[in-house]
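Student: Any chance you could fold what I've pasted below:
(chains A and B)
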Amino acid sequence: MNSLKGLAPQRKAKKEEERIWPPLEGVEEGKVVTRVAPEPNGYPTLGHAKGLLVPFIYARLYKGKFLLRFEDTNPRVEKLEYYDAIREEFSKLLEAAERELGLSPGKWDEEIIESYHLPKMYELARKLIEQGDAYVCTCPAHIVRMKRKLGEPCEHRDQSVEKNLELWDKMLSGEFGEGEAHLRLKTDMKHPNITMRDPGIFRIVEALHPIHGDRFRVYPVYDFSVSIMDSLSGVTHAFRSKEFEPHVEVQLAILRKLGLREYSMIQFGRITIEGIPLSKRYIRPLVESRILDGWDDPRIPTLRGLFRRGILPEAIVRFFYELGPSKVDATVNMDIIAAINRKILDPKVHRYMFVPDPIRASIGGLITPAEAKVQIHPNLKKVRKITLNEPRVYIPQIDVKNLKVGDEIRLRGLATVKVRSISPDEISLTMSEDQRKKGVKIVQWAPLNRGVPVKILVPLTPYSYEMIGGYGEPALKELKVSDMIQLIRLGFARVDQRDPFTLIFSHK
RNA sequence: GCUCCGGUGGUGUAGCCCGGCUAAGCAUAGGGGCCUUUCGAGCCCCAGACCCGGGUUCAAAUCCCGGCCGGAGCACCA
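Tutor: Model prediction:
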């Protein structure tokens, strides 16, 4: 097997060699079909991004097809809003993958909603029963669990095909309540892999389905629906996270009994973010109790939370591209994503002055109106002009701390000044004789009358923010929500709200 | 407990299938330097790893065996 060198994505203006992903077994370019198969039971997180990107990248690397399939076979937990959230977030990521990695087209080729295929699955279930490969079991769950553990069959295992068909019809027609009957695949009750001991393949769920309402009451179990759907939709390589490893055998057994096409099932490791819980189980209560601002709260690693934090979809895509499809569980640090984000942002994002914990300063000898020029970006020739109508500005307290009368500082882009006197709430400055003096400490400032009050929220934990208040340059007012900027010396931030002007701190 | 899967610098990853051509590449974090009328940014440099023990071989991170450690699964969830 040759390397994928020829298929490696191109990135313009990037000299370094692109990393090459391990090749897939026995593939033919143009014939690969992969898929992402999320359950619409919540807002997608960074964890889902790997499940999306790994199969997508492979599909595009081999010029194959990529499917989005909703695994909506447990109506108890699924909601319509989640289908949309998944579509939205996934679109953003895939579009970014096209821009950042050159993997095109940056979208899925086809969308499949599994629940529409329930009738087909019922057909196949009936076929299994008729073949004597499945039976309806009416044991209570705890008995089944125990017997599976012990490797003992129950009395339903040997029921006649007729009896099973009759019971199956009763399941469908509503004569059994939830939990009173389920269809099991007949395999081997002594199989060393417990998952393989006559696994349940259909059960009753008495909940309204977000799309179909009460149309169905019998739903397939994961093992049945994935294998059927993957096989029938032409998937050649199915990726999922490692916990499904023991299910490979079950799914293969189902396919073989039904004589359906087999395909490769590939597992990858899960990721955990150091110090940030990814699980919905953890996040949901925080959203419901309103400690969090919603599922897009910038303190949590839902994709929309990260976007709101100012993490670009491009950064997430590149991160997973560099991470690769490895089977090892990875504990990653947000620093890595921040580093990638910074590399993308740094060359294009404009710089702004910001004065935290301000103190007033008056500048004696400054003739107003005065005009200061500040650089928009170190690599750009352009400057931004700040007009001062009166000789008064805000400067950071912290910079005043060690100042004595007679010390000199430079107000960035405005003037070099000398300290005349310091009082608790105001500092008095005067213009220096030598405006071009070298080695003077440089201080950021904002005009007193036109400085923009700014609130910066620094996400700390899902429970907390650090709030930094201060004044920024007048030009901040021209920014729109979701614009990204760099606060000089502080770091990158995203405009979250214009009134009051609120920034979410992304990272330094 | 049983079954499966892994184990490369602080962290993550490449290489392992087809043993030598890299006594191990990249990223991030760390250390040092450069630049600058302040981007905690950028640029340059440095240091740092093949879980252990046997075996096969002229040659092993790569193959085999044993051990140790870690993860996942063992639902009428996905």
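Student: Can you point out the buried residues in stretch A:406-417?
Tutor: Of all the residues in stretch A:406-417, those buried under the rule 16 or more other CB atoms under 10 Å are A:Glu408, A:Ile409, A:Arg410, A:Leu411, A:Arg412, A:Gly413, A:Leu414, A:Ala415, A:Thr416, A:Val417. Bear in mind the C-beta positions are built from the backbone N, C-alpha and C, glycine included.
Student: so the fourth one bridges to which residues?
Tutor: As for beta bridges, A:Leu411 partners with A:Ala415, A:Val443 under DSSP bridges.
Student: quick one, what contacts it?
Tutor: Shown here is A:Leu411, whose contacts under the criterion CB atoms under 8 Å, 6 or more residues apart in numbering are A:Ile363, A:Ala372, A:Val393, A:Ile395, A:Val417, A:Val443, A:Trp445.
Student: ok, what's across the strand from the closest residue to A:Ala475 other than its chain neighbours?
Tutor: Counting by CB to CB, 6 or more residues apart in numbering, A:Arg384 is the residue found nearest to A:Ala475 once chain neighbours are left out, at 5.7 Å. Partner residues in beta bridges with A:Arg384, using DSSP bridges, are A:Val374.
Student: now A:Arg384: how far from RNA strand B?
Tutor: When distance is defined by CB to the nearest atom of the strand, to the nearest Å, A:Arg384 is 13 Å away from RNA strand B.
Student: I'd say that residue and A:Glu371 touch.
Tutor: No - the pair A:Arg384 / A:Glu371 is not scored as a contact, 10.7 Å apart, by CB atoms under 8 Å.
Student: one step back: need the buried residues of stretch A:406-417 in JSON lines (columns: pLDDT).
Tutor: Compiled in JSON lines, the buried residues of stretch A:406-417 are given as follows (pLDDT from 0 to 100):
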{"residue": "A:Glu408", "pLDDT": "88"}
{"residue": "A:Ile409", "pLDDT": "89"}
{"residue": "A:Arg410", "pLDDT": "89"}
{"residue": "A:Leu411", "pLDDT": "90"}
{"residue": "A:Arg412", "pLDDT": "89"}
{"residue": "A:Gly413", "pLDDT": "87"}
{"residue": "A:Leu414", "pLDDT": "89"}
{"residue": "A:Ala415", "pLDDT": "88"}
{"residue": "A:Thr416", "pLDDT": "89"}
{"residue": "A:Val417", "pLDDT": "91"}
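Student: out of these, which touch RNA strand B?
Tutor: Of the residues in those, proximity to RNA strand B by CB under 7 Å from any atom of the strand holds for A:Arg410, A:Arg412, A:Gly413, A:Thr416.
Student: which residues touch the strand or helix carrying A:Arg420?
Tutor: For A:Arg420, the element it lies in under DSSP states H and E is strand A:415-423. Contacts of strand A:415-423 with the rest of the structure, by CB under 8 Å, 6+ apart, involve A:363-364, A:366, A:370, A:372, A:400, A:403-411, A:427-432, A:434-437, A:440.
Student: which residue ranges form the helices in the stretch 1-150 of chain A?
Tutor: Listed in chain order, the helices of the stretch 1-150 of chain A (DSSP state H, counting those that start in this stretch) span residues A:46-61, A:80-101, A:118-130, A:141-150.
Student: rewinding a little: can you tell me which of the contacts of A:Leu411 comes closest to A:Glu25?
Tutor: Minimum distance to A:Glu25 across the contacts of A:Leu411 is 61.4 Å, recorded for A:Val443 (CB to CB).
Student: got a list of what A:Ile291 touches?
Tutor: For A:Ile291, the contacting residues are A:Pro462, A:Tyr463, by CB under 8 Å, 6+ apart.
Student: With distance to A:Arg308 added, can I get the buried residues of stretch A:406-417 in JSON lines?
Tutor: Below are those laid out as JSON lines (distance: CB to CB, whole Å):
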{"residue": "A:Glu408", "distance to A:Arg308": "42"}
{"residue": "A:Ile409", "distance to A:Arg308": "36"}
{"residue": "A:Arg410", "distance to A:Arg308": "36"}
{"residue": "A:Leu411", "distance to A:Arg308": "34"}
{"residue": "A:Arg412", "distance to A:Arg308": "30"}
{"residue": "A:Gly413", "distance to A:Arg308": "31"}
{"residue": "A:Leu414", "distance to A:Arg308": "34"}
{"residue": "A:Ala415", "distance to A:Arg308": "38"}
{"residue": "A:Thr416", "distance to A:Arg308": "40"}
{"residue": "A:Val417", "distance to A:Arg308": "39"}
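Student: Could you check how far A:Pro140 is from A:His182?
Tutor: A:Pro140 sits 11 Å away from A:His182 when distances are taken as CB to CB, to the nearest Å.
Student: Specify which residue of those two has the higher count of neighbours.
Tutor: Applying other CB atoms under 10 Å to A:Pro140 and A:His182 shows that A:His182 carries more neighbours, namely 23 against 11.
Student: Any idea what the nearest residue to the more buried one once chain neighbours are set aside is bridged to?
Tutor: For A:His182, ignoring the flanking residues on the chain, the nearest one in space by CB to CB, 6+ apart is A:Arg203 at 4.3 Å. Residues found in beta-bridge contact with A:Arg203 (criterion: DSSP bridges) are A:His182, A:Tyr219.
Student: Relative to A:Ile336, which of the helices of the stretch 1-150 of chain A is closest?
Tutor: Each of the helices of the stretch 1-150 of chain A was scored for nearness to A:Ile336 using CB to CB, and the closest is helix A:46-61 (11.8 Å).
Student: The closest one versus helix A:80-101: what angle between them?
Tutor: When axes from the mean of the first three to the mean of the last three CA atoms, to 10 degrees is applied, the directions of helix A:46-61 and helix A:80-101 differ by 50 degrees.
Student: one step back: can you put the ones next to RNA strand B among the buried residues of stretch A:406-417 in a markdown table and add distance to A:Met189?
Tutor: Converted to a markdown table, these look like this (distance: CB to CB, whole Å):
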| residue | distance to A:Met189 |
| --- | --- |
| A:Arg410 | 82 |
| A:Arg412 | 77 |
| A:Gly413 | 79 |
| A:Thr416 | 86 |
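Student: Among the residues you listed, find me the one that's closest to A:Gly310.
Tutor: So of those, ranked by how close each gets to A:Gly310 (CB to CB), first place is A:Arg412, at 23.9 Å.
Student: pretty sure that closest one is in contact with A:Val374, am I right?
Tutor: Yes - if you go by CB under 8 Å, A:Arg412 and A:Val374 touch, sitting 6.4 Å apart.
Student: Which neighbours do those two have in common?
Tutor: Each of A:Met353 lies in contact with both A:Arg412 and A:Val374 under the rule CB under 8 Å, 6+ apart.
Student: follow-up on the earlier one: can you list the helices of the stretch 1-150 of chain A in a markdown table and add distance to A:His247 and mean pLDDT?
Tutor: Conversion of the helices of the stretch 1-150 of chain A to a markdown table gives the following (distance: least, CB to CB, whole Å; pLDDT from 0 to 100):
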| stretch | distance to A:His247 | mean pLDDT |
| --- | --- | --- |
| helix A:46-61 | 15 | 90 |
| helix A:80-101 | 22 | 95 |
| helix A:118-130 | 17 | 96 |
| helix A:141-150 | 15 | 90 |
